[in-house]
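Colleague: Sequence plus the predicted model coming up.
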Amino acid sequence: MEEPTLRMRKLKVIFPSGRGIIRAVEGVDIDIEKGECVALVGESGCGKSVTSRSIMKLIDSPPALTRVDELYFGGKDIKDFSESEMRKVRGKEMAMIFQDAMEALNPVITCGKQIAEIFLRHHDMDKKEARRETVKALELVGVPEPASRAKNYPHELSGGMRQRVLLAMAFACMPKLILADEPTTSLDVTIQAQVLNELRNLQKSHDVSLLLVTHDLSVVSNLADKVYVMYSGKIVEKASLRQLFEKPHHPYSIGLLNSVPKLSDEESGFEQIPGTVPHPMRKPEGCYFHPRCNHATEKCKKEMPPLSAINDESEVRCWHPRNMEREEAMT
Amino acid sequence: MKKGYVIKRILYSVFILFVVTTLNFFIPRIGVDDPAERYYPPQGNMSDAEYEVIKQLTREEYGFDVSTPEQYLNYLGDVAQGDFGTSFRSGNPAVTGLIADRLPWTLTLSATTLVLGLIGGILFGVFAATKRGRWQDTTLLNMSTIMTALPAFFIALILSFYLGFEFEIFPAYTNPNLVGDFSFSLDGLQMLARNAALPIISMSFGSIIGYAQTTRNAVIAVTNEDYIVTARAKGLPQRSIRYKHTLRNSLLPIVTSLGFSIGGLLGGQVVIEQIFNWHGMGTLFLEANEMNDYPLMMAIMLLLSAFTILAILVTDLVYVLLDPRVTVGEKR
């Protein structure tokens, strides 16, 4: 079997602060195969963005402290890579798509120049070649009139176009792995669908691996092959897309799926998970989810369950995994 | 769009200048019944009849024999032609000539202070921002607190005493022969530099620290922006991130503060020039003030306002060059 694009073991990220320690990520393992799309799902503040940025080593230390047992990327051990070694990987072999293109693009530099920077940095190109490649990159992600769009400043473009500029930046060097952090959250629904389509086509046709960080399950169902559900800094369920949507095992995953409104239950509205995510400085003892769980027992209040395999396609971190078909498959 | 903005901005500045000129004409006239009495105060040994004659002559000479609106129009016309009337120091020299004589000396000080302040301030500010929270940064913060409490004239007095009198490193006050002896030769420039050293140093302290603080805050604010993370995620080297992505965005608040600080710089310089007896507009203004030399005072005030208006205009135009987002109607 081919080497995985990413193999990460026991990522831990903590943020010490004056009032205590925030344990943002507590031992997360992630595997991404070549050309695979893996989704990392969870509520705001569960540590999913920190996880994706840590893979690229973009978390500043200080203030954060990061530990990882294993970090293999594209056959290389990048665990101990220095900042300058990482700079050669970033943008070239590993790229990132950020959530809000308005914030993620420099307002005083034209979009074209911001893309061209990548070619100038990672390839032996002069400015003229870089400009030509930039136009090609914009064309690739479906920007109409790419040559003249390249001369525009970010604020002169529409939200969808700006997001495509970010896609163009990510795909510029055809990296092995793209980390997409809520890539379409800031867009309205129709544009969202277009950009996601573009992202999926490019990812599949160029065999690029994708880590999709999102809280939007409809995005997940469109793109992902495998899903990691994250809660309060830990992976609580890891399953194939089909398995998760048809037969989720962790009460939290079930809650997440049920909180998506469906046409069929117009009368009942949609269910929600009671309570809120625990404050990262005051996580409960035992299973972090037990205060919000209907099935919690004494054991759940005392001991954190391990992530254990239930079948070939899923692993779950629960003492009492649910085992029932959901009434209908989600689409 | 951009061109329209520039023209609009220039017209606006001209309008403000007109308003300032109008105020400059009317404010000195508040509470003055008869300007002739200000120009020519009554003398002890003069009869009332004689004084009346003299007052009438004075009015005619200075143009007070016509109605106020007429005087105002005459004033606007004269100012537009660069004629600020005659001073009434002995010999009645033209105000324009007096100012032209002093202006280069004043600008030498202000321009040097400004350039030193900007270069020193930006370098120090960027440095402090990269050492955020460490002692270099804390030093800047403390210095900036101290400088807020220490006016430039106080620093000037201290420097004048220690560097001037005690250790005799620089002249404690300007050599009275400087103006007469100055020439554009090596010796002349050296003499100028030695004499200008203390006034410039006293003013630069505050300037450097002020711009450093603005720069430091701007750089830190920009460093936390998402597009800096994007730049890092592209694998750009530190140097390119700092100069291409961070500094250019950080310059915006610096440019803004620059335009507004020029008025303060010129105002503060009046006192500094007096302390070092510098042959500039500041001393000229204080001399005019002592002698109730209205035409001269009015001209200097107008010129200071004009400089400030010009500085703010230039600031706004530079801003357009630096920030593509600025357009008519949606500024900042």
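Modeller: Nice, I can see it.

Colleague: make it CA atoms for all contacts and neighbour counts henceforth
Modeller: Noted.

Colleague: And the contacts of the helix ranked longest in chain A?
Modeller: In chain A, with assignment by DSSP state H, the single longest helix is helix A:189-205. With CA atoms under 8 Å, 6 or more residues apart in numbering or on different chains as the test, helix A:189-205 has contacts from A:35, A:141-142, A:160, A:163-164, A:167, A:184-185, A:208-210, A:219, A:223.

Colleague: out of these, which is most surrounded?
Modeller: Neighbour tally across those (other CA atoms under 10 Å in any protein chain shown): the maximum, 31 neighbours, falls on A:L210.

Colleague: what's the closest of the contacts of helix A:189-205 to B:N175?
Modeller: When the contacts of helix A:189-205 are ranked by distance to B:N175 (CA to CA), A:Q163 comes first, at 65.7 Å.

Colleague: List the residue ranges of chain B that fall below the pLDDT cut-off.
Modeller: B:1, B:327-332 (pLDDT under 70).

Colleague: mind listing what the residue lying closest to B:T246 once chain neighbours are set aside touches?
Modeller: For B:T246, ignoring the flanking residues on the chain, the nearest one in space by CA to CA, 6 or more residues apart in numbering or on different chains is B:V222 at 6.0 Å. Taking CA under 8 Å, 6+ apart as the contact definition, B:V222 lies against B:I228, B:T246, B:N249, B:S250.

Colleague: what's the answer for A:L65, then?
Modeller: Per CA under 8 Å, 6+ apart, neighbours of A:L65: A:V13, A:I14, A:F15, A:P16.

Colleague: now, the most widely separated pair of those?
Modeller: Taking CA to CA, the two most distant members of the contacts of A:L65 are A:V13 and A:P16; they sit 9.9 Å apart.

Colleague: Any chance you could list residues touching both of those two?
Modeller: Jointly contacting A:V13 and A:P16 under the rule CA under 8 Å, 6+ apart are A:A64, A:L65.

Colleague: neighbour-wise, which of the two wins?
Modeller: A:V13 (24 against 14).

Colleague: quick one: low-confidence parts of chain A?
Modeller: A:1-2, A:262-270, A:324-331.

Colleague: what residue lies at the spatial centre of it?
Modeller: A:V213 (2.0 Å; CA atoms, centre = their mean).

Colleague: Show me the contacts of B:V222 that map onto helices.
Modeller: B:I228, B:N249, B:S250.

Colleague: What residues are bridge-paired with the closest residue to chain B within the stretch 201-331 of chain A?
Modeller: Proximity to chain B, evaluated over the stretch 201-331 of chain A using CA to the nearest CA, is greatest for A:L211 at 14.9 Å. Per DSSP bridges, the residues bridged to A:L211 are A:V38, A:L179.

Colleague: my read: B:Y173 touches B:N195, true?
Modeller: Yes: counting by CA atoms under 8 Å, B:Y173 does reach B:N195; the two are 7.3 Å apart.

Colleague: Check which residues of the helix or strand that contains A:M86 are buried.
Modeller: Element membership for A:M86 (DSSP states H and E) is helix A:83-89. Along helix A:83-89, these residues count as buried under the neighbour rule (16 or more other CA atoms under 10 Å in any protein chain shown): A:M86, A:R87, A:K88, A:V89.

Colleague: Identify the residues contacting that helix?
Modeller: A:M56, A:K57, A:H122, B:R232, B:K234, B:G235, B:L236, B:P237.

Colleague: mind running it again at 7 Å?
Modeller: Residues from elsewhere that reach helix A:83-89, judged by CA atoms under 7 Å, 6 or more residues apart in numbering or on different chains: B:G235, B:L236, B:P237.

Colleague: Correct me if wrong, but A:V236 is in a helix.
Modeller: No: assigned with DSSP: H, G, I helix; E, B strand; the rest coil, A:V236 falls outside any helix and is strand.
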